[in-house]
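>>> Got a predicted structure plus its sequence, pasted below:
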Amino acid sequence: MSNLGLTGSVATIAALVLVGCSTPPKASAPMLPSPVQPAAKPALTLADEIQGTIDAIDSAMSGYDGILTRIQQLPDDKNPGEIIGEVGDYVGSERLGVKEVPAEKDIVAGISGSVSTNSWLAIVETELLGSLVDLTRQLVRLNARTATLALDYEQGRTLQKYAVKIRRELMPLLAELRRLGVADRLDKAAVANLEFETLRIITASRQSLQSLEHDTRAIESELGGRQ
Amino acid sequence: MTTKLLVSLGSTVSALLAMGGGVGVYRHSKYESEEARKATVVAMQYFEHTLGRARDSIQQSADLRSDLIQKTDALLKDVAQTEQELAKHGTLVAALNERREAAQVRVGTYLAEARTAVGEATATVGRCRAILLEDKLAEDRKGDVESNIRTMTKDVREIHDRLLQLEALGARCDALADRLLVFNEGHRASLTRIQQIRQETRQKLDQQKTRQAASEEVGERLRRLQSELESDLKSLRPEP
């Protein structure tokens, strides 16, 4: 009796396992919400995970772009180009190559330690710190997310590779481009000023010379011409 | 018996489990792998798009930088011409100063002559008046002397006026000398500033060219990244 019972149980388990194994992939088997329990979220497929990662990268890139734009709009005396360069180095540094989001005070200390005093003062004054802390969190989470994907799937490794490239190479390059743009903008204004100053100097010199020549000639004329 | 049955059943279950698991993992991984491949291709296309945008941005900024380099180069040439023109102004003003000095010498000579003439005429008029006062002249000579006195007084006035004009001219020469001095000082400052502007402009042009090279380097790194991405994408895409 007991043997039969045991056999029945094992058979049931085996049958259940077989049924479980032949169950179609998670995406094609949406879970129905139980009438009594709260609606359970359908398990994410790998494609969902990858799409979520793309969205996370997109969001981080968009946040980063916003930060760079805000820095670019800072007045020249705050050295926006310098801040942009340092922020680019910060996001590309190994400091963000971790999988655990550090405590806020550690993130703040990390940002403070990665930029110059002048940049740090400007970051704090212009309330950019909060955005940089958020970006740091986003990037670390992205790191952890792609690392998990890379452990489980071949495609995850590809995705991880490019997520790392985006953070370590593309983001600093984008900062470099902005930094060059800021320098160009400053130069454009400076060249226009130098052009104006040069014109002003030569015009003033011409006018003075003309007036001096006129007066010299007038004196000579009153004296009865040059001798 | 029971043990044997259990062992037998256990083996069967294990085999079934292994088989079922294997089939399940195969189906699961094949399906998901395909989905993941598609999603990864989309992700990488997104990266490619981002890189493409960055390269477009480089191209745009390179165009703007080229304009800036052209403007700076034109300014550099302009500043060099201005420097030459200012140097010429320096020579011209030195010549003006020589002319002013010559005029001033002439004014001095004329003034001295006029003062002498005024002095002499005034003395003559004085002598004539003294003669008239002595009343020793005949009536017909008296009229001549009075007429001479009037003429000479008129001449003295005219010479005096000319003297005043010459003094005013002398004052204008002095003022001109001061203005020429001021111009010279300003001219030296302008020349120094123009030389600084030339150096600043040269420096800016060098920096712009350095930035152009840096931008090309960024473009090259993006191009390599894009090329690597394209190659990975090619391997991820199914053969047509």
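Here it is on my side, so go on.

>>> make it CA atoms for all contacts and neighbour counts henceforth
Fine.

>>> any idea which helix or strand comes after the host helix or strand of residue B:91?
Residue B:91 is part of helix B:2-134, with elements assigned from DSSP states H and E. Downstream of helix B:2-134, the first helix or strand assigned by DSSP H and E is helix B:139-236.

>>> Output the contacting helices and strands for that next one.
helix A:171-222, helix B:2-134 (3 or more CA pairs under 8 Å, 6 or more residues apart in numbering or on different chains; DSSP states H and E).

>>> That helix to helix B:2-134, inter-axis angle?
Calculated by axes from the mean of the first three to the mean of the last three CA atoms, to 10 degrees, helix B:139-236 forms an angle of 170 degrees with helix B:2-134.

>>> So for helix B:139-236, mean pLDDT?
Helix B:139-236 shows a mean pLDDT of 91.

>>> cool, stretch A:66-79 as well?
94.

>>> That stretch spans what distance, first to last residue?
Stretch A:66-79 has an end-to-end distance of 18 Å (criterion: CA to CA, to the nearest Å).

>>> Show me how far it is from its chain's centre.
14 Å (CA atoms, centre = their mean, to the nearest Å).

>>> Name the surrounding residues that touch that stretch.
Applying CA atoms under 8 Å, 6 or more residues apart in numbering or on different chains, the set of residues contacting stretch A:66-79 from outside is A:80-81, A:83-84, A:118-119, A:122, A:128, A:131-132, A:175, A:178, A:182, A:186.

>>> ok, and the closest non-adjacent residue to the residue nearest to the spatial centre of chain B?
The structure's chain B has its C-alpha centroid closest to residue B:197; by CA atoms, centre = their mean the separation is 6.1 Å. Leaving aside its chain neighbours, residue B:197 sits nearest to residue A:194 (6.7 Å; criterion: CA to CA, 6 or more residues apart in numbering or on different chains).

>>> That neighbour contacts residue B:198, doesn't it?
No: shown here, residue A:194 and residue B:198 do not form a contact pair, counting by CA atoms under 8 Å, at 9.2 Å.

>>> On the three-state scheme, the residue sitting nearest the centre point of chain A is what?
What sits nearest the mean C-alpha location of chain A, by CA atoms, centre = their mean, is residue A:64, with 2.5 Å. At residue A:64 the chain is in helix, as set by DSSP: H, G, I helix; E, B strand; the rest coil.

>>> what sits against it?
By CA under 8 Å, 6+ apart, residue A:64 lies in contact with residue A:135.

>>> Just the buried residues of the contacts of stretch A:66-79.
A:80-81, A:83-84, A:119, A:122, A:128, A:132, A:175, A:178, A:182 (16 or more other CA atoms under 10 Å in any protein chain shown).

>>> Just give me the neighbour total for the residue lying closest to residue A:188 once chain neighbours are set aside.
Of all residues not flanking residue A:188 in the chain, residue B:68 sits nearest, at 6.5 Å (CA to CA, 6+ apart). By the criterion of other CA atoms under 10 Å in any protein chain shown, residue B:68 has 19 neighbours.

>>> Then residue B:54?
Neighbours of residue B:54 under the rule other CA under 10 Å: 19.

>>> From residue A:133, how far out is it?
25 Å.

>>> now the helices: where do they sit in chain A?
Assigned by DSSP state H, chain A shows helices spanning A:2-21, A:46-72, A:80-92, A:104-114, A:117-125, A:129-152, A:154-165, A:171-222.

>>> which of those helices is buried the deepest?
Comparing these by mean neighbour count (mean count of other CA atoms under 10 Å in any protein chain shown), helix A:80-92 comes out on top with a mean of 23.

>>> Poorly predicted segments of chain A, please.
In the predicted model, chain A carries pLDDT under 70 at residues A:1-42, A:226-227.

>>> if you set the cut-off to 90 instead, what comes out?
Scanning chain A for pLDDT under 90 picks out the ranges A:1-55, A:57-58, A:94-95, A:97, A:127, A:148-163, A:165-166, A:223-227.

>>> For the helices and strands packed on helix B:139-236, which has the smallest mean pLDDT value?
The stretch with the lowest average pLDDT out of the helices and strands packed on helix B:139-236 is helix B:2-134, scoring a mean of 79.

>>> quick one: that helix to chain centroid distance?
11 Å.

>>> One more: stretch A:213-227?
Chain-centre distance of stretch A:213-227: 72 Å, with CA atoms, centre = their mean.

>>> Check whether that stretch comes near chain B.
Yes: using CA under 8 Å from any CA of the partner chain, stretch A:213-227 reaches chain B at A:213, A:215-216, A:219-220, A:223, A:226.

>>> Closest to chain B out of the buried ones among the contacts of stretch A:66-79?
residue A:178 (9.5 Å; CA to the nearest CA).

>>> related to what we said a few turns ago, can you list the buried ones among the contacts of stretch A:66-79 in TSV and add distance to chain B?
TSV is the format used below for these (distance: CA to the nearest CA, whole Å):
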residue	distance to chain B
A:80	16
A:81	13
A:83	17
A:84	15
A:119	22
A:122	25
A:128	24
A:132	21
A:175	10
A:178	9
A:182	11
